[in-house]
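Undergrad: A structural model of the following input is requested.
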Amino acid sequence: MSGIVLLLGPGADRRTFHRMMAELTPRGDLVETRLGPDLLAGVRRLRIVDRERAVQPWCSADGRWLLCYNGEVYNHRELAAELLRLGRPLRTASDTEVVLEAFLAWGPEAVTRLRGEFAFALADTATGRLYLARDPLGVRPLYWSRHLRRLHVASEIKALVPVGAPVSELPPGHHGWADAVSGPELVPYLDLARIGAGAPPVRDAAQAADLLREAVRDSVRARVDTDLTVGVLLSGGVASTLALLHVRQLHHDCVAFTVGTPDSPDVRCARRIAAEVGVHHEVIEIQPREIQLDDIRAAIRSSELTEYADLIDAVVSVPLFRRVRDLGVRVVLTGDGADDLLGVQPGSDRVGPEAAGRLFRHRLRNLCRTRLQRLDRTSFGHGVEARLPFLDLSLVELALRLPAELGRDGGQRSLLRQAHADLLPAYVRDRPREPMAYSSGLYDGVRPYRALFARQYRAFGYELLEPVRRDFDTVLVRCGHDLDRAVARGAAPPDVFEHARDLAGMARWKVGPAWRRLTGSGRQN
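TA: Model (predicted):
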């Protein structure tokens, strides 16, 4: 895993390049660069797979191709064996080399063979063009900007702010060629709106449970193929508990991490399951009153998020990943994505099956700029790689074959519980679903600062991509769960009335209590 930067074009500016690289410092523990007159390429590499030999930017044996790669390809051993059978010798045991060799063997079609989370730029030094690609769900980020007939590519928006030009995102499941003059010409290689369309639905509940159980275990197995300690972000919910149980069985060295107030539902439940499983458990205890403006500013700068709910969760995530880093753990598994993929979608009971399906796919396509962006930035902001077993493409394909009527009392999320009923304790299986900030007990510590989110976001220059927008779920409700209306209205920034309401809330939650303490007006006689 890494943070990548490329600058392509005549007279590529080294000062800008080094400023861009500096912005990605937390994403890796090693700086690796290749600098030419018209191509500057660099990587902040977090060493996970073949840590000594997987140097980047990685070059082909003839020197023509140069790869800057951020990701993990979990089937790289199988692909390496296939490449060897094709007579393509490999110099390392890394997935980095496999990505390049796969492209040389199969061309752009190779991206459809990669199982994992990735974003990369491959430079053809003979033609001066770049090939760009990103994983189907957008777990790993990639952005670009053009200025003064030069193309700039980077893993985060903050690295492109020094360029001072509009920023664009490489969409999930897209790839294509780019040059310094015209910019990228991108096309989808996988469309989430059509995935699984040709496969028959799985209507039998027992068969669905068996398939789901097997897919979850295989996805976790693929993500613990490492000699490093594996952490699990344990909220005590169904998905994170399943991740912990499988990691405990499949890997020799496991540790769990939980953040929240001492009496929060997450901490209480996680303590209990970790003790029963017998894994080392790190609890980051925080009280809402301990959250300060500096914490808000740091979370916004790191996460680059645009919706309020995601920013609130980012504030909670930062101390969690800080502890993971301080313990020297580099790889963690998380249950994120299970609710989005296998859960009851908010508002789906208000619309018909067709509209509910459109809403589900819309949320899935937008995970890259909400939940997944939060995880990427807050984890790599502390030199930690977060892996998401519940968003493996095999699970996505299976979920899209499961009719909503399976487990009607709880939708497909209920099926996840039923499929693992023998593994999950009742106190985990029966827990209600809550957003991270609520279940950790920290929502009230972050909410008062909401009025400052947009201003801080603009101060970092992130509006070069897009402005802070309304929370989609809030807009959806106001639009009567009409997806098209909600998308149109949600693209607009919050209006002056919403901002005034946020300011009033901040005064009530922060200024009011401080004034009462100062004046003693709240004391009892």
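
Undergrad: and Ala197, that's in a helix?
TA: No. Residue state for Ala197 (DSSP: H, G, I helix; E, B strand; the rest coil) corresponds to coil; a helix is not indicated.

Undergrad: model confidence for it, exactly?
TA: Model confidence at Ala197, given as pLDDT, is 71.

Undergrad: now do stretch 134-146, average pLDDT.
TA: 97.

Undergrad: and that stretch, how far apart are its ends?
TA: Taking Cα to Cα, to the nearest Å as the measure, stretch 134-146 stretches 19 Å from start to finish.

Undergrad: buried set for it?
TA: Within stretch 134-146, the residues scored as buried using 16 or more other Cβ atoms under 10 Å are 134-146. Every residue, glycine included, has its C-beta placed from N, CA and C.

Undergrad: now secondary structure and distance to Phe118 too, for the residues you listed, in TSV please.
TA: Listed next are the buried residues of stretch 134-146 as TSV, based on DSSP: H, G, I helix; E, B strand; the rest coil; distance: Cβ to Cβ, whole Å:
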residue	secondary structure	distance to Phe118
Arg134	strand	7
Asp135	coil	5
Pro136	coil	10
Leu137	coil	11
Gly138	coil	10
Val139	coil	8
Arg140	coil	6
Pro141	coil	11
Leu142	coil	9
Tyr143	strand	15
Trp144	strand	16
Ser145	strand	21
Arg146	strand	23
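
Undergrad: which among those residues gets closest to Ala256?
TA: Closest to Ala256 out of these is Val139 (21.8 Å), distances taken as Cβ to Cβ.

Undergrad: which residue, other than its chain neighbours, is closest to the closest one?
TA: Distances taken as Cβ to Cβ, 6 or more residues apart in numbering put Glu117 closest to Val139, at 3.8 Å, once the chain neighbours are dropped.

Undergrad: could you measure from that neighbour over to Val99?
TA: Counting by Cβ to Cβ, to the nearest Å, the gap from Glu117 to Val99 is 12 Å.

Undergrad: got the contact list for Phe120?
TA: Ile4, Leu67, Cys68, Tyr69, Asn70, Gly71, Val99, Leu132, Ala133, Leu142 (Cβ atoms under 8 Å, 6 or more residues apart in numbering).

Undergrad: can you say which of those residues are buried?
TA: The neighbour-count test (16+ other Cβ under 10 Å) marks Ile4, Leu67, Cys68, Tyr69, Asn70, Gly71, Val99, Leu132, Ala133, Leu142 as buried among those.

Undergrad: who are the contact partners of the third one?
TA: Right, Cys68. For Cys68, the contacting residues are 2, 4-6, 41-43, 56-57, 120-123, by Cβ under 8 Å, 6+ apart.

Undergrad: overlap in contacts, Glu117 and Val99.
TA: Common neighbours of Glu117 and Val99, counting by Cβ under 8 Å, 6+ apart, are Gly71.

Undergrad: return the member of the buried residues of stretch 134-146 nearest to Arg470.
TA: Gly138 (20.9 Å).

Undergrad: which of the buried ones among the contacts of Phe120 lies closest to Ala419?
TA: For these, the nearest to Ala419 is Gly71 (28.8 Å; Cβ to Cβ).

Undergrad: so that closest one is in which element?
TA: If you go by DSSP states H and E, Gly71 is part of strand 65-73.

Undergrad: can you list the strands that that strand pairs with?
TA: strand 58-59 (antiparallel), strand 116-124 (antiparallel) (DSSP bridges).

Undergrad: show me where the stretch 151-300 of the chain has helices.
TA: 205-223, 238-250, 265-277, 293-303 (DSSP state H, counting those that start in this stretch).

Undergrad: show me what the second one is packed up against.
TA: Just to be clear, that refers to helix 238-250. helix 205-223, strand 230-233, strand 254-260, helix 265-277, strand 331-334, helix 338-342, helix 411-419, helix 426-429 (3 or more Cβ pairs under 8 Å, 6 or more residues apart in numbering; DSSP states H and E).

Undergrad: out of these, deepest packed?
TA: Highest mean neighbour count among those (mean count of other Cβ atoms under 10 Å): strand 230-233, with a mean of 28.

Undergrad: quick one: strands adjacent to that strand?
TA: Here, using DSSP bridges, strand 230-233 pairs with strand 254-260 (parallel), strand 331-334 (parallel).

Undergrad: and it, C-alpha only, in PDB?
TA: What follows is strand 230-233, C-alpha atoms only, in PDB (Å, rounded to 0.1, in the frame of the first residue of the first chain):
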ATOM      1  CA  VAL A 230      -3.400  -8.400  11.900                       C
ATOM      2  CA  GLY A 231      -5.700  -6.000  13.800                       C
ATOM      3  CA  VAL A 232      -9.500  -6.000  13.700                       C
ATOM      4  CA  LEU A 233     -11.500  -2.900  14.300                       C
END
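
Undergrad: residues in contact with that strand: which ones?
TA: For strand 230-233, contacts defined as Cβ under 8 Å, 6+ apart pick out 224, 240, 243-244, 247, 251, 253-258, 279, 320, 324, 327, 329, 331-336, 384, 386.

Undergrad: which element is the most centrally placed residue in the chain on?
TA: Geometric centre of the chain, nearest residue: Leu372, 2.3 Å, by Cα atoms, centre = their mean. Assigned by DSSP H and E, Leu372 falls within helix 371-380.

Undergrad: same for that helix, what does it pack against?
TA: helix 293-303, helix 308-326, strand 385-387.

Undergrad: where does the prediction get shaky in this structure?
TA: 404-413, 493-525 (pLDDT under 70).

Undergrad: now the strands: where do they sit in the stretch 1-150 of the chain?
TA: 2-8, 30-35, 39-45, 58-59, 65-73, 116-124, 129-134, 143-147, 150-154 (DSSP state E, counting those that start in this stretch).

Undergrad: columns distance to Arg14 on top of those, output as a markdown table?
TA: Output for those, formatted as a markdown table (distance: least, Cβ to Cβ, whole Å):
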| stretch | distance to Arg14 |
| --- | --- |
| strand 2-8 | 8 |
| strand 30-35 | 7 |
| strand 39-45 | 6 |
| strand 58-59 | 20 |
| strand 65-73 | 16 |
| strand 116-124 | 17 |
| strand 129-134 | 18 |
| strand 143-147 | 15 |
| strand 150-154 | 12 |
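
Undergrad: winner for burial among the helices and strands packed on helix 371-380?
TA: Comparing those by mean count of other Cβ under 10 Å gives strand 385-387 as most buried, with a mean of 25.

Undergrad: immediately after that one, which helix or strand?
TA: Past strand 385-387, the next helix or strand by DSSP H and E is helix 393-399.

Undergrad: number of nearby residues for Ala451?
TA: 19 (other Cβ atoms under 10 Å).

Undergrad: so the residue nearest to Val139 sits against Gly71, correct?
TA: Yes. Using Cβ atoms under 8 Å, Glu117 is in contact with Gly71, at 5.3 Å.

Undergrad: between those two, what contacts are shared?
TA: With Cβ under 8 Å, 6+ apart as the test, Glu117 and Gly71 both reach Asp135, Arg140.

Undergrad: ok, now which ones touch Ile195?
TA: By Cβ under 8 Å, 6+ apart, the neighbours of Ile195 are Pro136, Val396, Glu397, Leu400.

Undergrad: just the helices in the stretch 401-525 of the chain please.
TA: Counting by DSSP H, counting those that start in this stretch, the helices of the stretch 401-525 of the chain are 411-419, 426-429, 436-439, 443-446, 453-459, 472-478, 483-490, 496-506, 512-519.

Undergrad: still on that earlier bit, distance to Leu24 added to the helices and strands packed on helix 238-250, as a markdown table?
TA: What follows is those, written out as a markdown table (distance: least, Cβ to Cβ, whole Å):
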| stretch | distance to Leu24 |
| --- | --- |
| helix 205-223 | 24 |
| strand 230-233 | 22 |
| strand 254-260 | 24 |
| helix 265-277 | 31 |
| strand 331-334 | 19 |
| helix 338-342 | 27 |
| helix 411-419 | 36 |
| helix 426-429 | 38 |
